[in-house]
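Engineer: Here is the input, now give the coordinates:
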Amino acid sequence: MTYCVGLKLDAGLVLLSDTRTNAGLDNISCYRKMFFFEEPGERIITIMTAGSLSVTQTTIARLKEAIEDEMADETTSIMRAPTMLRAAMIIGDTLCRTRREIAEQCRDLRQQASASLIVAGQRRGGEMRLFLIYPEGNFIEATEDTPFLQIGEHKYGKPILDRVVTPSTSLADAQKAVLLSMDSTLRSNLSVGMPLDLALIERDQFRLGLRRRILDGDPDFARMSAAWSAALRDSFGKVTI
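Structural biologist: Residues are numbered from 1 along each chain as shown. Next comes the predicted model:
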């Protein structure tokens with residue numbers, strides 16, 4: 001399992017993913033699930049992945065191969081796509097094709113092969129966009145009414161986002177919100193685990209801003225988690241029925 005979350009705010013994009021991948025209780029590994037495609041000053045695209053590792057790794061590899069192809073054009077390469085919408089369509093088509101091929105290969109083994117992606121970014125001349133791409137290749141987009149998207153084990157971390165995140169949320173508060181959302185998920189589901197990857201893309205900068213890996217035992221994360229737990233216990237004690 002995994003947990004990835006992306007926020008689209010007036011000030012920029014905030015993205016967070018875990019790195020745990022498991023294929024059974026005794027087969028747990030660590031794989032990066034956040035990938036960057038960047039041409040500083042022109043465009044930045046970030047992809048976060050959840051689901052079958054064979055599907056997600058092959059999809060990312062094919063996207064990279066398409067970028068490096070000397071025949072690449074705006075219909076095949078996300079780095080040449082004229083809009084973020086067109087980039088999302090290329091990514092969705094690649095995911096759908098990859099999922100179908102691997103599912104067919106695994107059909108006799110009765111194994112599932114599915115994955116979903118969060119795509120975030122901005123290109124010069126365009127607006128910031130945040131998409132959730134489904135296994136079939138279709139997608140939805142974050143809006144002012146719902147400025148965040150999640151994939152993977154999302155239910156434990158959703159309540160705090162519902163309560164505190166709006167488009168006007170500052171980037172500093174947004175980072176705190178996604179980290180507390182992840183903290184809730186880590187406490188409730190062992191299939192989500194450290195290290196964490198955190199990224200920030202400021203509006204109209206067209207490049208990756210903050211990029212941070214948070215390791216197990218990170219003192220800042222531990223301090224924030226402890227403070228949040230204490231605040232919840234204190235608030236619970238003050239509620240009457």
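
Engineer: Just the strands from this structure, written as ranges.
Structural biologist: 3-8, 12-17, 20-22, 28-30, 34-39, 43-51, 115-123, 129-133, 139-141, 148-152, 196-202, 211-214 (DSSP state E).

Engineer: what's the burial count for K33?
Structural biologist: By other Cβ atoms under 10 Å, the residues close to K33 number 26. All C-beta atoms are positioned from the backbone trio N, CA, C, and that covers glycine.

Engineer: Does it touch T46 like I think?
Structural biologist: No. With contact defined as Cβ atoms under 8 Å, K33 does not reach T46; the gap is 10.9 Å.

Engineer: got a list of what M182 touches?
Structural biologist: Y3, V5, L16, D18, G157, V192, L196 (Cβ atoms under 8 Å, 6 or more residues apart in numbering).

Engineer: let's see it at 10 Å
Structural biologist: With contact set as Cβ atoms under 10 Å, 6 or more residues apart in numbering, M182 has these partners: 3-5, 16-18, 156-157, 192, 194, 196, 198, 214, 221, 225.

Engineer: Listing request: residues of this protein with sub-threshold pLDDT.
Structural biologist: Along the chain, segments meeting pLDDT under 70 span 22-27, 108-111.

Engineer: most residues in a single helix of it, which one?
Structural biologist: The single longest helix within the chain, with elements called by DSSP state H, is helix 84-105.

Engineer: And that helix, what does it pack against?
Structural biologist: Where contact means 3 or more Cβ pairs under 10 Å, 6 or more residues apart in numbering; DSSP states H and E, helix 84-105 is packed against strand 43-51, helix 53-68, strand 115-123, strand 129-133, strand 139-141.

Engineer: out of these, which comes closest to S229?
Structural biologist: Taking Cβ to Cβ, strand 43-51 is the member of the helices and strands packed on helix 84-105 nearest to S229, at 26.4 Å.

Engineer: And the helices and strands packed on helix 84-105: which comes nearest V165?
Structural biologist: Among these, strand 129-133 sits nearest to V165 (Cβ to Cβ), with 12.3 Å.

Engineer: So which elements touch that closest one?
Structural biologist: Judged by 3+ Cβ pairs under 10 Å, 6+ apart, the packing partners of strand 129-133 are strand 3-8, strand 12-17, strand 43-51, helix 84-105, strand 115-123, strand 139-141, strand 148-152.

Engineer: Just the buried residues of that strand, please?
Structural biologist: Residues R129, L130, F131, L132, I133 are the ones in strand 129-133 that count as buried (16 or more other Cβ atoms under 10 Å).

Engineer: and the angle from it to strand 148-152?
Structural biologist: Using axes from the mean of the first three to the mean of the last three Cα atoms, to 10 degrees, the inter-axis angle of strand 129-133 relative to strand 148-152 is 30 degrees.
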